[in-house]
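Visitor: Fold the following for me, if possible:
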Amino acid sequence: MEIILTHEQADFDALAAMLAASLLAVESQPVLPNRINRNVRKFINLYGAELPFVDARDLPVENIQQVTLVDTQSLVTLKGIHKNTQIHVVDHHQAKPDLSADWICKLEKLGATTTILVEMLMDRDVQLSNIQATLLLLGIYEDTGSLTYAGTTVRDVKAVVFLLEKGASLRIAAEYLNPALTVNQRALAEDLMQNAATLPILGKNILLSSADAASMDEEISSVAHKLRDLLDPDALFLIVQTKEGTRIIARSTSDEINVSRILIPFGGGGHERAASALLTRSNLAHENTLQEITNKLTEEIKKNIRPPLTVHKIMSKKPLLLTPETTIAEADLLMQRYGYEGYPVVQEDKVVGLLTRRAVDRARNHKLKISVGSLMESGSYSLSPNQSLDQVQEMMASTGWGQIPVLDPETNKILGIVTRTDLLKNLTYKDSNNLSAVKYADLIEKALPACRLALLRQIIELSQQDRQALYIVGGFVRDLLLNIPSQDFDIVVEGDAIRLARLLSEKFGGKVTVHRRFGTAKWQIKDFHASLKTYLGCTPDDSSDLPEALDLISARTEFYDHPTALPIVVNSSIKQDLHRRDFTINTLALRLDGSHFGELQDYWGGLDDLKKKQVKVLHSLSFVDDPTRMLRAVRFEQRFGFNIEVRTLQLMQEARENLKQISGDRIRHEFNLIFLEADACKVLKRLMELNLLTAVHPTLEWKEDWSVALQKALTGSPAIPWNLTTQAGLGDLKIASAYLVWLSNLSVESALAIANRLHFSNPMVASLKASLSLVKNIDDLGSMPPSQFTESVQNLPEIALYTLDCLQENQLIKQQIHNYLTTWRGVEPFTTGETLKAKGIPPGPRYTAILKELKHAKLDGKISSQQQELIYLDQLIQEL
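Guide: Below you'll find the model as predicted:
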């Protein structure tokens, strides 16, 4: 016999999970527990005839081969269960420490156990009656607060959608959720309210109460729900004497209070926001009086409440301030430069108001020439660094201010500002023993070689001594989270990067190169790898793990005086530093210093966009500020197999004409980066689809037919007989070849105009002209005799001939090129100028003509020996 069991005082999740398990294994019998919540009992009384539940007293007297436990990990004693009975567990609670290793468990952290089993019903396409679907819906709804509790997952929602499609009745479900209290339950609620005490712990209001309900048969969880809703504490703990023993029921409304963890020492468990424990006579020592239980419970609460996130941790430091006398034009310029939506207005070091972006836009549209004092929202609202996010939320809701200054409570000096964006981002803050930070710290340690990681830890230690926050940002973090880690990284210092670089140089040695305008420093370490390796404790083989230099960058913000201008740079916070970046996926940062090692800083939703596989700009003027970002957006899209977000794509189309104003050097730099991609052809194809190539130059285009030639130019490694390494002034030869292959497909006029647009160097222009000439005469080149072919190409840059080789599949042309490289270009006549002089011919143009004819004859096979050449020479002397 196989049976399905759940816990006593069964709720709808327990009952629904039993139903689902029985539908998946029709040979198993779902056995009702002795005690069932009142609203669940009412449902069974009305609809039980349509459901498969059985009473334990009606089970046949035989051995039980298998028990499936749902919504619990505790096995009740039941006749027929023996040592060989196989136990299966399906539950959404955290695994208990004493869970038997012999049990087969399916534990998933979802809003309801029912969800796990409904997903299995979905996979098997099991048919459901309306009542079955409704009971399953009740199971999910009751444990997720109708999908509103923090523990609710997308999978719970999808399961609900499935059940509604199968005919679950919301009307029936509503009748059984949140039932009214019975007379006995109301009496218990009154006793608990009478005995309630509120304890302020770490800024949270904790309600503790106790009562005697030994004569009551009804469940207590409904009473706890009603008191929670009525009194609205951050958490409540009810200690109630029942027939079974002392029961502790806990409810939480705060992410900082995990009541399940608090009740573990009492043998309890449950969810982060709902848990219970039962102290029976067997596990309750005789000396455990009610007061002692209360004292122990209070201690556990204090130990387990997570310190709340405070204003100090989320505020942006050193905000820009306005005065009432500041003009609207000046305020407008500041907002454009720094991006905040509101600025505190201060007079004599006191907050007197807030100026918002919306108000400035309105004044500008009406061409009002007024001061900030006339336009600001008057008020002196402020926060202190230690206030909680709940208090921030309350102040923003009551005042309407989306940006609130933070004041030092002793000096009243403005320390920072908290924005609505800061609040919304952090309202979803979760820690769970800082598991996310641990995860990212582990990723960093696995991604970096041992020696490079040791160097990083030395930098971290020095930054802590100097009290500077340290971050790895941008591409390194993005690629790390995409599981394509890189060993190269830049370090951003929330402070003075140049100072930190010099401290490193003083301690370890090495030269520091600084760029004061950008607040950056390059610490050169190549020359002392050996000594540094010894200091770091690296093995001899680890020396290659160290970089030649390390870039340290001060956190900064950038603004543009006009579209397409180069940015003006000022020091700022890490948040503002990340805000200046091109796309959300590049705004991720990992903090490194001290206990913060591995903490992910994600102010702009970059992690979410990585999961969505989309490239998205931070703000609507991003492509106006820097149109080259459009080319970068496509490059990232194609590199990672992402999509450009819909609004971002729209902004690209609106700003594409701005590419015409970008200098050729900057455009060429972006194309150079495209050529370094694994599949540059895909990027160029996408740029063509988005009409971005024609925005660079009206005649610039790309065709898929050119892909093979371009790929050959980018991936080929021309060895002997090619001699491309000597081509001066061309830069990276693969990139130079790529440009020549691409542009040689265009008309001469277009190609040269584009070369001018991209500011090609003189050697590149000369090579392009040569390539264009070869392509133009391609039909003749294949049929030329060796002498004519050699004459045509010998004075051209060799890279032009390589371009032709990449472009051509014609084997005759390729053979001509091969023969030229291996043989023809080395052919010279035996005759020299000295030979001609000995024959009495005066130096002059005849020398060149005669030697040329001799070379051509030798190339074309007319002469093959020195004797034949002498005879032919005498003939030429007579003719020329």
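Visitor: only C-alpha atoms for contact and neighbour calcs from this point on.
Guide: Noted.
Visitor: just the helices in the stretch 51-200 of the chain please.
Guide: 113-124, 130-144, 154-165, 170-176, 183-195 (DSSP state H, counting those that start in this stretch).
Visitor: Following element in sequence after the worst-scoring helix or strand of the chain on mean pLDDT, please.
Guide: Ranking every helix and strand in the chain by mean pLDDT, DSSP states H and E puts strand 568-571 at the bottom, with a mean of 55. Sequence-wise, the next helix or strand downstream of strand 568-571 (DSSP states H and E) is helix 574-579.
Visitor: Mind checking the pLDDT average for that following helix?
Guide: Averaged over helix 574-579, pLDDT sits at 82.
Visitor: after it, next one along is what?
Guide: Next along the chain after helix 574-579, taking DSSP H and E as the criterion, comes strand 589-591.
Visitor: That next one: how far from the chain's middle?
Guide: In terms of C-alpha atoms, centre = their mean, to the nearest Å, the centre of strand 589-591 is set 11 Å apart from its chain centre.
Visitor: Neighbouring strands - and their directions - for that strand?
Guide: Strand pairing for strand 589-591, determined by DSSP bridges: strand 469-473 (antiparallel), strand 599-601 (antiparallel).
Visitor: How far off centre is the shortest one?
Guide: The gap between where strand 599-601 is centred and where its chain is centred comes out at 11 Å by C-alpha atoms, centre = their mean.
Visitor: What is whichever helix or strand comes after that strand packed up against?
Guide: Scanning forward in sequence from strand 599-601 by DSSP H and E, the next helix or strand is helix 606-612. Helix 606-612 sits against no helix or strand, with contacts defined as 3 or more C-alpha pairs under 8 Å, 6 or more residues apart in numbering; DSSP states H and E.
Visitor: Quick check: what element follows helix 606-612 along the chain?
Guide: Taking DSSP H and E, what comes next after helix 606-612 is strand 614-615.
Visitor: Looking at that next one now, give me its mean pLDDT.
Guide: 97.
Visitor: which residues touch that strand?
Guide: F583, T584, I585, D609, A633, F636, E637, F642, N643, I644, E645, T648 (C-alpha atoms under 8 Å, 6 or more residues apart in numbering).
Visitor: ok, now with 6 Å
Guide: The contact list for strand 614-615 (C-alpha atoms under 6 Å, 6 or more residues apart in numbering) reads F642, N643, I644, E645.
Visitor: Of the residues you listed, keep whichever come out buried.
Guide: F642, N643, I644, E645 (16 or more other C-alpha atoms under 10 Å).
Visitor: Give me the subset of those lying in strands.
Guide: Here DSSP state E is the test, and these give N643, I644 as lying in strands.
Visitor: Now render the buried ones among the contacts of strand 614-615 as CSV, adding distance to Q391.
Guide: Shown next, in CSV, are the buried ones among the contacts of strand 614-615 (distance: C-alpha to C-alpha, whole Å):
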residue, distance to Q391
F642, 39
N643, 39
I644, 38
E645, 35
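Visitor: Put the alpha carbons of the strand ranked longest in the chain into CSV.
Guide: For the chain, the strand with the greatest residue count under DSSP E is strand 81-91. Taking C-alpha atoms only, strand 81-91 is exported to CSV below (Å, rounded to 0.1, in the frame of the first residue of the first chain):
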residue,chain,number,x,y,z
ILE,A,81,4.8,1.9,8.5
HIS,A,82,7.9,-0.2,9.0
LYS,A,83,11.7,0.2,8.7
ASN,A,84,11.7,-0.7,5.0
THR,A,85,8.9,1.7,4.1
GLN,A,86,10.2,4.1,1.4
ILE,A,87,9.8,7.8,2.2
HIS,A,88,9.4,10.5,-0.4
VAL,A,89,9.2,14.2,0.5
VAL,A,90,7.9,17.1,-1.5
ASP,A,91,8.2,20.4,0.3
